[in-house]
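Asks: Quick check, what structure comes out for this input:
(2 chains)
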Amino acid sequence: MDYNFNEIEKKWQAYWKAHKTYKAENKSDKPKYYVLDMFPYPSGAGLHVGHPLGYIASDIFSRYKRHKGYNVLHPMGYDAYGLPAEQYAIQTGQHPAITTEKNIARYREQLDKIGFSFDWDREVRTCDPSYYKWTQWTFIQLFNHYYNLKTNKAESISELVAIFEKEGNRNVNASTTQLEVFTAETWNSMTEKQQQELLMHYRLTYLSDTMVNWCPQLGTVLANDEVVGGLSVRGGYPVERKSMRQWSLRISAYADRLLQGFENLDWSDSIKEIQKNWIGRSEGAEVDFKITKNLSPALSKGEGAAVPRYHTTNPLDWNVLKDHAKEMRKQPTEAENVLWQNIRANQLGFKIRRQQVISNYIADFVYISKKIIIEVDGKIHDFQKEQDESRTQELNKLGYEVIRFSNEEVLFDIEGVLTKIKSKLESKVLSFGEDLGEVIRIFTTRPDTIFGVSFMVLCPEHEVISSITTAEQKAEVETYLQWAKNRSERERQAEVNKITGVFTGAFAINPLTHEEIPIWISDYVLSGYGTGAIMAVPAHDSRDFAFARHFNLPIPQVILPTGEQPEDTSLWKESKDSKEGSCINSGFITGMNVKDGIKAVIDFVEKEGMGKRMINFRLRDAIFSRQRYWGEPFPVYYKEGMPYMLDESKLPLELPAVDKYLPTESGEPPLARAKNWKTDEGFPLECNTMPGFAGSSAYYLRYMDPRNDKEIFSKEANTYWQNVDLYIGGAEHATGHLIYSRFWNKFLFDLGLCVKDEPFQKLINQGMIQGRSNLVYRVVGTNQFVSYGIKNNFETQAIHVDVNIVDADILDTEKFRNWMPDFANAEFILENGKYHCGWEVEKMSKSLHNVQNPDDLVVKYGADTLRMYEMFLGPLEQSKPWDTKGIEGVFRFIRKFWKLYHDENNALCVTDEKATAAEFKVLHKTIKKITEDIERFSFNTAVSSFMICTNELNDLKCHKREIMQPLAVLISPYAPHLSEELWERLGNKESISTALYPICNETYLVENTFNYPISFNGKTRFQLEFPSDMAIADIEKAVLEHPDAQKWLEGKSPKKVIIVPKKIVNIVI
RNA sequence: GCCCUGGUGGUGGAAUUGGUAGACACGCAGGACUUAAAAUCCUGUGACCAUUGCGGUCGUGCGGGUUCAAGUCCCGCCCGGGGUACCA
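Replies: Below you'll find the model as predicted:
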């Protein structure tokens, strides 16, 4: 054979391995360039032709950069934890480590055959203890840090504790769910357990209750993927939403920085857009809507309603305590009475209650909205026996602030006391999220539309539902909640046409119109976004509109688009867009435009203390626990129910052996099956494992220094490699991996470990390769198969057939008979003696028998052909169907290319003759084109250019070294084996990877003439050649005088002549 | 539903900044070589009309618009693919 690719490819793969040709050094005088492929999961099916697409592109670029004089880091490893290996383990009992090891070996073999220039010395695997040691280590760091919003970075929890000890959390501005203010005294008096619980609200990784897909029959939690229509894919059992205590990552702390971080990154706008939407920053306001059910508080009326308006205690205690409270109100002390007479009836501008039941205490006076209790000491009655101090502490824990006055202060300095109370009430601002149940807090980006709010909607999970639902509505509400419980978020958002909801029986007050509005529940409101409650503006929001129509609720118009008149909304078919226009029917903002209206309303609600300006993010904290076996164990143990981190010296905490890869009978995760799964001291270890993204979030950093067992990576290695210059992978990672990695990187950056704030400088998203399936048509009820062209004469059933027994849509009928026992006796109805198959483009999948595996192609055509063909298929970023038909063309081209260097006897025929100008022109035109193409990652056009170049050199019969040697370097990133072989045959001693990239000499490319397309009214009619430097006026004259032009002008004189030098001539008639 | 993305011959695609639509390749047809096949080489190949030749009309998912000029820009639709928070 002329071009023996099998031999050549084997030879050079062995050479590269032996010489470690692609080993990257951490120290070099060369500039660095870091090229990375997205971490592959080694699946059991092995590599299919879709996988290498990105790898080939990144490999071409790596090799190109080496030729350009860079020290290139191009590593590869395995994201080895994952569900498929665990599923296989559950089914077969085989340890997932064995499955994974086997799959990796197969991957490696396949990767090697394609001739990638990876530095295999740097390989990492997420399931390797020496690797996950650092995943666990990072988790500990996350646990030991909180996010300081003042400095805008992660800082140590121990520094936070020091602040708490000195001054409480009053001056701390952190990303936290700890909303109540506490003092140093309160902190210092807490038990360790209480302190730990409180710190959970600050740590960057924390335990909290979150909703999961729970399948009781399987005893396990399922991924959204594993649930279809509320049933488990495996087994078809019912799946319900269940709350479970799990680790979360406080990624929301970084929301703003994740949003800002794009600025200087070379990512596509679309992927930035996806991340922006995912993070979902919106500006608006939080506004409290008061609930009006049982309009007056039960107690101030004396006798009262069955259910208290404000749940400041639990119902059991309430009934006991309220009688005492009433009793005490009748016999106040003198001081209490004096104070009450001065503060009652809103005299201070605040509605203060007396003898109010709070938990299991009765407070003298309380201002509920701001959680402030006013106590007067020295009571004559002693119904509550506890010490004032401990009482204060307990109330503090409930989030109340207690201010005390003595009898004397009240009796002799009432003015002073009132001033103090007033300033206290005015100054205290409740922290965000605090909710006593007396109001429903909503978030809105459009406060200007509050005047148009005609009802409210709560998500079915909203905690206030149980306390506001009226007795009459109770049954209906419960039925609805039961139904809504198991609907996934996606279903809830997707099925917008299906309007469901239920009325609670309760009403709220519109804070601006003061009208009573009904409170509904509907699953179109999501619990995960905003406050889980919305103010509905049916006139200007499509979903609110649909809901209002369905349940016959009022639809007041409040925004008037510019140039329109107010309309009767009952005639509307849909809501009206309200982004621009002026406010109508809107009280004090009537007449303002939307922008001013928003500002005016926010200013108003802030002044009135019923809301505040607010920036809301859609980004939610990431759930970090998985109830699985095959994942990183948490370096966590539990003491008194509180989690503690293992000492770093105990890392890695290795994954224990278990007898089965299933949950325990009691529903505990598989690790609960491990023997002695506890610390040396006997404390139980965490039984959950980490999710897939744990190990893949910082792997690119570990590649910089993968064998370091002292630290995650050395400062020197990181300072040299900085971050990834080029990252290639699928766009499906846009919201998962790419956000988690950025978060993880920013955290390590805050700790001063890595020097770059962003991990991936340039990102390219390769498109999917779809499969091209072949179909055969069985005549229904027979074993006869009819060819595609005549199938319509029969009633047929289309069956997917293995694409490997079909060539150019012609079925190999013999192979078909042998393919499956069912078809052994198949008969065929042929067209012209052949069986033509139908075809379809769809997902590449085993079940559709359209999987193309690269190994067979490498055997048949060689790796270089496969590499160039995959690039030739089309633009890297686009999805495209896989079809092997075209590979022949690339194979032909490669052999043609080989023949430029060889004669009929396969002997080198390259001469030292001087090349002609025409030959140089072909070479330099190609250098220019290929270089431009590679810089813009347009690999398909580069391959075309190589083909054109080869055709032209072939026509010129050129075999000259001056041309052929640079051309070998030019093609080496694409066809590395071929070019190494040619390079060696040309007499070079070192690997071609050390050769410098050829540079285009523009002087060969100068054109003296240009062939102008002559068009009339934009339609090209003929062409004329003119000197490149010909003056526009001369061209115009020459064109108009031309006989062909006269024909098109038909005697008319042109209205206009447009001449763009070296582009076009257009004559307007 | 929402967000992102794509739609050009029989097929994959090219047209990089608004300037000759269909480069390059597959497939197909015809031819050369051969006893034959494979391989290789040559010619043709968007559709329609005309055809002895010259040629003409239409044409980049659909409908409008901007422009001397639109695959490319703008508006409104249709269809495919991806993501939608535990697949990786």
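
Asks: Next to RNA strand B in this structure, residues from the stretch 751-900 of chain A, please.
Replies: A:768, A:808, A:843, A:872-875, A:878-881, A:883, A:885-886, A:888-890, A:892-893, A:895-896 (Cβ under 7 Å from any atom of the strand). Every residue, glycine included, has its C-beta placed from N, CA and C.

Asks: Take those and keep only those in helices.
Replies: A:872, A:888-890, A:892-893, A:895-896 (DSSP state H).

Asks: Just the buried ones out of those residues, please.
Replies: Buried members of these, scored by 16 or more other Cβ atoms under 10 Å, are A:872, A:890, A:893.

Asks: Can you get me a residue count around A:S522?
Replies: A:S522 is flanked by 23 other residues according to other Cβ atoms under 10 Å.

Asks: Enumerate every residue touching it.
Replies: Neighbouring residues of A:S522 by Cβ atoms under 8 Å, 6 or more residues apart in numbering: A:457-460, A:499-502, A:547.

Asks: What count of nearby residues applies to A:V457?
Replies: 23.

Asks: Give me the nearest residue to A:S43, chain neighbours excluded.
Replies: Nearest non-adjacent residue to A:S43, counting by Cβ to Cβ, 6 or more residues apart in numbering: A:P84, 5.8 Å away.

Asks: before we move on, which element is that neighbour in?
Replies: Applying DSSP states H and E as the criterion places A:P84 in helix A:83-92.

Asks: Helix or strand next in line after that helix, which one?
Replies: Criterion used, DSSP H and E; the element after helix A:83-92 is helix A:96-113.

Asks: how close does A:D544 get to RNA strand B?
Replies: Between A:D544 and RNA strand B the computed distance is 13 Å (Cβ to the nearest atom of the strand, to the nearest Å).

Asks: Regarding that residue, which helix or strand does it belong to?
Replies: Taking DSSP H and E as the criterion, the element that holds A:D544 is helix A:542-551.

Asks: Need the mean per-residue confidence for that helix.
Replies: The average pLDDT within helix A:542-551 is 87.

Asks: Give me the spatial nearest neighbour of the residue nearest the centre of chain A, chain neighbours excluded.
Replies: In chain A, the residue lying closest to the centroid (Cα atoms, centre = their mean) is A:T735, at 1.2 Å. Sequence neighbours aside, A:W278 is the residue nearest to A:T735 in space, at 4.6 Å (criterion: Cβ to Cβ, 6+ apart).

Asks: swap in A:R106?
Replies: Nearest residue to A:R106, sequence neighbours excluded (Cβ to Cβ, 6+ apart): A:G46, at 5.0 Å.

Asks: Buried ones in the strand or helix carrying A:V338, by neighbour count?
Replies: If you go by DSSP H and E, A:V338 is part of helix A:334-343. Residues A:335-336, A:338-340, A:342-343 are the ones in helix A:334-343 that count as buried (16+ other Cβ under 10 Å).

Asks: how about the CA coordinates for that helix, as PDB?
Replies: Only the C-alpha atoms of helix A:334-343 are listed here, as PDB (Å, rounded to 0.1, in the frame of the first residue of the first chain):
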ATOM      1  CA  GLU A 334     -49.200  51.900  88.500                       C
ATOM      2  CA  ALA A 335     -46.100  52.300  86.400                       C
ATOM      3  CA  GLU A 336     -47.500  49.900  83.700                       C
ATOM      4  CA  ASN A 337     -50.700  51.900  83.600                       C
ATOM      5  CA  VAL A 338     -48.900  55.200  83.300                       C
ATOM      6  CA  LEU A 339     -46.800  53.900  80.400                       C
ATOM      7  CA  TRP A 340     -49.800  52.300  78.700                       C
ATOM      8  CA  GLN A 341     -51.800  55.500  78.800                       C
ATOM      9  CA  ASN A 342     -48.900  57.300  77.100                       C
ATOM     10  CA  ILE A 343     -48.300  54.700  74.400                       C
END
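
Asks: mean confidence score for it?
Replies: Mean predicted lDDT for helix A:334-343 stands at 75.

Asks: Which residues are in contact with A:S570?
Replies: Contacts of A:S570 by Cβ under 8 Å, 6+ apart are A:I555.

Asks: end-to-end on stretch A:163-178?
Replies: Its start and end residues considered, stretch A:163-178 measures 15 Å (Cα to Cα, to the nearest Å).

Asks: any residues touching that stretch, and which ones?
Replies: With Cβ under 8 Å, 6+ apart, stretch A:163-178 has contacts from A:146-150, A:160, A:181-188, A:198, A:201-202, A:208, A:250, A:252-253, A:433.
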